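**Q** Give me coordinates for this.
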Amino acid sequence: IVGDRGNYGQTNYAASKAGVMGLTKALAKEMGRYNCRVNAVLPGFIDTRMTETVPDHVKEKMKEKIPLGRRFGSVDDVADLVAFLASDRSGYITGACIECSGGISL
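**A** The predicted structure is shown next:
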């Protein structure tokens, strides 16, 4: 999400995420002729060790911005999306950068 919208004080992080998004789209164009799909998952705030260090008052403020359930996502939320993208059910999806964020960027 930061790769698309930027974030104050995170120029390097935003640039790396934007690079992943560009790489995803370029590779999808190149690999399509081999029937190979390329997609990216853009997780929002997910309950992981990375978010454990965020102060509680900051977490609560961020949760208020998440329309879907006012909660951080779980590792299972992300894993379910990855499993879908790896399955034949997503057979006609390529070049997609899909947010798994509870709608925080809306």
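
**Q** For the residue nearest the centre of the chain, pull up the helix or strand it's in.
**A** Compute the mean C-alpha point of the chain, and by C-alpha atoms, centre = their mean the closest residue is L42, 0.9 Å away. Using DSSP states H and E, L42 falls within strand 40-43.

**Q** any idea of the mean pLDDT in the helix or strand that that strand is followed by?
**A** Once the chain leaves strand 40-43, the next helix or strand it forms, by DSSP H and E, is helix 49-52. Averaging pLDDT along helix 49-52 gives 92.

**Q** Need the residues that contact helix 49-52.
**A** Residues from elsewhere that reach helix 49-52, judged by C-beta atoms under 8 Å, 6 or more residues apart in numbering: F45, K59, F72. C-beta: built from backbone N, CA, C; applies to glycine.

**Q** any idea how far the strand holding L42 is from the chain center?
**A** Remark: strand 40-43 is offset 2 Å from the chain centroid, using C-alpha atoms, centre = their mean, to the nearest Å.

**Q** Off-centre distance for stretch 64-71?
**A** Relative to its parent chain, stretch 64-71 has a centroid offset of 16 Å by C-alpha atoms, centre = their mean.

**Q** Not counting its own residues, what contacts it?
**A** Stretch 64-71 is contacted from outside by G44, F45, K63, F72, S101, G102, G103, I104, L106, using C-beta under 8 Å, 6+ apart.

**Q** which of those residues sit farthest apart?
**A** Farthest-apart pair in the contacts of stretch 64-71 is F72 and L106; separation 16.2 Å (C-beta to C-beta).

**Q** neighbour-wise, which of those two wins?
**A** Per other C-beta atoms under 10 Å, whichever of F72 and L106 has more neighbours is F72, with 21 against 10.

**Q** In contact with the more buried one, which residues?
**A** If you count contacts by C-beta under 8 Å, 6+ apart, F72 has them with G44, F45, I46, D47, T51, K59, M62, K63, I66, G102.
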